[in-house]
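# Structural data only, the sequence is not supplied:
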């Protein structure tokens, strides 16, 4: 299967090399593409130095915009599977082939940290539970780890995510695709590591705003959107 | 708050909700941006149905009439939103400027590369 790992990178000069090395060492039969999201550090320089394939965005578009750039590339080059992969070393390449295997019989695969393990009790996990609840209410689908950033999309989904507005790589998009495009979503158990270097986007306040946004978006805004077939006409 | 004002507020918030729903439905607005207006309309709806909260807040702050506090409150909310919007506009301006400059430089470089290649061909 033709698979592309999309690796959005914003100021990841310290971790990008070890992330790519770990992918290479795994001996995966996949292509990868770094999307440098207008980094202020020397991420682009590192990519050039080691001849990594990468898209160099001239300005910072944010995660959604950077990921969509990668999706557009996947769509134009006819990839059958696109996997969202973090540049900071949190995602482990040994789980990529599990996602690849599962995508053969589904539309979206989510690498879940909490299928085999119990969720720890923390404010962030409370938010994660709220999002799970919102998705359960609106779609009837139970997702144990909706905020996991490790997701695989098949060819049909790649088209939607590459061309549409409001298809950021977030849980509300997943809930919309379940409802409106009859997407089949499967979770597979994965483990994640701590980030190697750099700083996370999320501090307590932005996490709170993010959770609130997702909750309102899933419960209310996704319901008024057109169904996929209608939107395509 | 008079009953007339409350009815007007209910009407306005419902219209706002409908308007946002229509724009989201037709993919005219980004979801992130619609969420503010959704919450805004819901808050107006709630205070027109349950104005007691604002009576309490109003007597706490000491405004002449509860409706004054309602105005003050929404002026502040809107001011914050306007400020964030103007920040977004500035950032967008900067990004467009950077993109245009980048594109112009790359166009020129491509043109120069093409010309050099053509000259090489002529020499051969």
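Structure's in. What do you need? Because the structure is a prediction, the values reported are computed rather than measured.
# you'd agree residue A:100 is up against residue A:1?
Yes - counting by C-beta atoms under 8 Å, residue A:100 does reach residue A:1; the two are 6.3 Å apart. Bear in mind the C-beta positions are built from the backbone N, C-alpha and C, glycine included.
# and for the two, which residues touch both?
residue A:81 (C-beta atoms under 8 Å, 6 or more residues apart in numbering or on different chains).
# More neighbours: which of the two?
The residue with more neighbours, out of residue A:100 and residue A:1, is residue A:100; 19 against 13, by other C-beta atoms under 10 Å in any protein chain shown.
# gap between the host helix or strand of residue B:36 and the chain center?
Secondary structure assignment for residue B:36, by DSSP states H and E: helix B:31-49. Centre-to-centre, helix B:31-49 and its host chain are 13 Å apart (C-alpha atoms, centre = their mean, to the nearest Å).
# Distance of residue A:27 relative to chain B?
Taking C-beta to the nearest C-beta, to the nearest Å as the measure, residue A:27 falls 36 Å from chain B.
# Can you give me the neighbour number for that residue?
Considering only other C-beta under 10 Å, residue A:27 is surrounded by 7 other residues.
# Per-residue pLDDT of it, please?
Looking at residue A:27, its pLDDT is 86.
# now do the one 10 residues further on
Among the per-residue scores, residue A:37 shows a pLDDT of 94.
# Same question for residue A:213.
90.
# try residue A:136
So, for residue A:136, pLDDT stands at 95.
# so which helix or strand takes in it?
Judged by DSSP H and E, residue A:136 forms part of helix A:123-139.
# If you count contacts, what does the helix or strand bottoming out on mean pLDDT in chain B end up packed against?
When the helices and strands of chain B are scored by mean pLDDT, DSSP states H and E, helix B:52-61 comes last with a mean of 86. If contacts are counted by 3 or more C-beta pairs under 8 Å, 6 or more residues apart in numbering or on different chains; DSSP states H and E, helix B:52-61 sits against helix B:66-123.
# 10 Å instead, please
Judged by 3 or more C-beta pairs under 10 Å, 6 or more residues apart in numbering or on different chains; DSSP states H and E, the packing partners of helix B:52-61 are helix B:31-49, helix B:66-123.
# for the shortest one, which positions count as buried?
Of the residues in helix B:31-49, those scored as buried under the neighbour-count criterion (16 or more other C-beta atoms under 10 Å in any protein chain shown) are B:31, B:34, B:35, B:36, B:37, B:38, B:40, B:41, B:44, B:45, B:47, B:48.
# helices or strands next to that helix in the packing?
Using 3+ C-beta pairs under 10 Å, 6+ apart, helix B:31-49 sits against helix A:171-180, helix A:204-216, helix A:222-224, helix B:3-25, helix B:52-61, helix B:66-123.
# For chain A, which residues are neighbours of chain B?
Neighbours of chain B within chain A, by C-beta under 10 Å from any C-beta of the partner chain: A:38, A:56-62, A:64, A:164-168, A:170, A:172-173, A:176, A:209, A:212-217, A:220-226, A:230-231.
# ok so, going back, single out the most deeply packed of the helices and strands packed on helix B:31-49.
helix A:171-180 (a mean of 24; mean count of other C-beta atoms under 10 Å in any protein chain shown).
# helix or strand right after that helix?
Assignment by DSSP H and E places the next element after helix A:171-180 at strand A:185-189.
# Partner strands of that following strand and their direction?
Taking DSSP bridges as the criterion, strand A:185-189 forms sheet pairs with strand A:108-112 (parallel).
# Share the number of residues neighbouring residue A:115, please.
13.
# Then the one 3 residues further on?
In terms of burial, residue A:118 registers 8 neighbours under the definition other C-beta under 10 Å.
# Same check on the one 4 residues further on?
Using other C-beta under 10 Å, residue A:122 has 9 other residues around it.
# pLDDT value on it, please?
pLDDT at residue A:122 comes out at 81.
# next one: residue A:71
At residue A:71, pLDDT is 96.
# Let me know how buried the closest residue to it other than its chain neighbours is, in neighbour terms.
Residue nearest to residue A:71 in three dimensions, not counting chain neighbours: residue A:162, with 4.2 Å by C-beta to C-beta, 6 or more residues apart in numbering or on different chains. Counted with other C-beta under 10 Å, residues neighbouring residue A:162 total 19.
# So residue A:162 lies in a strand, does it not?
No - counting by DSSP: H, G, I helix; E, B strand; the rest coil, residue A:162 is not part of a strand but helix.
# which residues sit in contact with it?
A:68, A:69, A:70, A:71, A:72, A:73, A:74, A:75, A:76, A:82, A:153 (C-beta atoms under 10 Å, 6 or more residues apart in numbering or on different chains).
# Need those in TSV (columns: neighbour count and secondary structure).
Formatted as TSV, these follow (neighbours: other C-beta atoms under 10 Å in any protein chain shown; DSSP: H, G, I helix; E, B strand; the rest coil):
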residue	neighbour count	secondary structure
A:68	24	helix
A:69	21	helix
A:70	27	helix
A:71	27	helix
A:72	15	helix
A:73	19	helix
A:74	27	helix
A:75	18	helix
A:76	9	helix
A:82	28	strand
A:153	31	strand
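# Ramachandran angles for residue A:32?
phi -130, psi 160 (degrees, to the nearest 10).
# Can you give me the distance of residue A:183 to residue A:176?
Between residue A:183 and residue A:176 the distance is 9 Å, computed by C-beta to C-beta, to the nearest Å.
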